[in-house]
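*Asks:* The following block contains a protein sequence and its predicted model.
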Amino acid sequence: MLHSALINVMVKAARRAGRSLKRDLGEIEHLQVSLKGPANFVTMADKRAEEMLYDDLIKARPGYGFIGEEGGTREGADKSHTWIVDPLDGTTNFLHGIPQFAISIGLQREGTMIAGLIYNPANDDLYLAERGKGAFLNDQRLRVAGRRKLDECVVACGLPHIGRGDHELSRLEMTAIQNRVAGLRRFGAASLDLAFVAAGRLDGYWERNLQPWDMAAGQIMVREAGGTISGIAGDDDPLKTGNVICGNEFVHAELVKILKPLGK
């Protein structure tokens with residue numbers, strides 16, 4: 001399949017950083033048995049992947065701004081374009097050798113997401129989306145699932161861990177959703193949850209307290225696959241609020257109806 005020059009730049013950068021992460025994943029298994037554990041190693045792997053992505057993306061598009069999880073905001077001469085990058089989404093999974101993690105690259109032009117890439121090096125799943133051109137998984141066109149009965153749907157969520165988020169609110173939300181759906185899942189990598197919705201593997205997904213780099217690529221992925229995505233309020237921007245709900249139009253509306261009142 002022929003891709004635009006922009007997508008080719010993103011794919012090349014992701015695959016190079018992905019090879020590095022895949023090698024590092026192999027090392028994790030050896031480090032698991034040590035008393036100190038692999039946490040420091042994973043931090044270095046994360047930073048190394050981000051620097052590789054930064055070098056490749058900025059070399060290909062000099063002047064673009066860059067927002068990364070590790071390095072923060074790096075201003076560019078071109079104020080209208082910004083890369084929004086998570087070099088290793090699903091760090092805790094990676095730390096434990098669980099192959100559910102991804103590189104996430106989004107490109108924003110004047111506040112609008114115009115391209116997104118989500119790549120899992122562990123299984124070589126490559127999700128791509130470009131504004132107005134659709135969303136794809138390994139060159140297969142993606143469409144969100146068409147289910148219109150919540151009790152037939154499988155929905156993913158986030159779960160706040162120690163020291164993070166509102167645990168009581170999370171329990172309220174899960175209880176409300178559990179009573180309405182066929183299945184509830186927690187996979188541990190927001191970018192892949194969004195990609196799974198775009199691919200129709202999940203019917204819906206919601207999470208609170210995310211960062212822009214967790215969602216930038218996934219936001220355009222869901223939209224280009226025909227889905228609806230917003231913050232918990234239903235009409236707000238996830239990149240600004242840090243909260244997200246997505247699915248097909250019906251599932252999105254139903255989840256908003258259930259979850260919005262709980263957060264007040």
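*Replies:* Yep, that arrived. Numbering: from 1, shown residues only.
*Asks:* Poorly predicted segments of the stretch 151-264 of the chain, please.
*Replies:* Along the stretch 151-264 of the chain, the parts satisfying pLDDT under 70 run over 264.
*Asks:* mind listing the strands for it?
*Replies:* With DSSP state E, counting those that start in this stretch, the ranges of strands along the stretch 151-264 of the chain come out as 154-157, 183-185, 204-207, 228-230, 244-247.
*Asks:* Using CSV, please lay out those strands together with distance to Ala253 and mean neighbour count.
*Replies:* Where you see a C-beta, it was placed from the backbone N, CA and C, and this is true even at glycine. Below are those laid out as CSV (distance: least, CB to CB, whole Å; neighbours: other CB atoms under 10 Å):
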stretch, distance to Ala253, mean neighbour count
strand 154-157, 13, 22
strand 183-185, 19, 14
strand 204-207, 10, 27
strand 228-230, 8, 21
strand 244-247, 9, 28
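*Asks:* Tell me the bridge partners for the nearest residue to His252 once chain neighbours are set aside.
*Replies:* Leaving aside its sequence neighbours, His252 sits nearest to Thr228 (CB to CB, 6 or more residues apart in numbering; 4.0 Å). With DSSP bridges as the criterion, Thr228 is bridged to Gly247.
*Asks:* Cys246 is in contact with Ala253, isn't it?
*Replies:* No - contact criterion CB atoms under 8 Å: Cys246 and Ala253 do not qualify, at 11.3 Å.
*Asks:* Need the residues touching each of these two.
*Replies:* Thr228 (CB atoms under 8 Å, 6 or more residues apart in numbering).
*Asks:* quick one: contacts for the closest residue in space to Phe136 that isn't next to it in sequence?
*Replies:* In this structure, Phe136 finds its nearest non-sequential neighbour in Leu128, 4.9 Å apart by CB to CB, 6+ apart. By CB under 8 Å, 6+ apart, Leu128 lies in contact with 3, 7, 10-11, 116-117, 135-136.
*Asks:* one step back: so how far is Arg148 from the residue nearest to His252?
*Replies:* Distance from Thr228 to Arg148, counting by CB to CB, to the nearest Å: 13 Å.
*Asks:* And the helices in the stretch 1-150 of the chain, which stretches?
*Replies:* For the stretch 1-150 of the chain, the helices defined by DSSP state H, counting those that start in this stretch cover 5-31, 39-60, 91-95.
*Asks:* tell me what the last one is packed against?
*Replies:* This means helix 91-95. If you count contacts as 3 or more CB pairs under 8 Å, 6 or more residues apart in numbering; DSSP states H and E, helix 91-95 packs onto helix 5-31, helix 39-60.
*Asks:* Wait, Trp206 touches Leu255, no?
*Replies:* Yes - the criterion here is CB under 8 Å, and Trp206 meets it with Leu255 at 5.8 Å.
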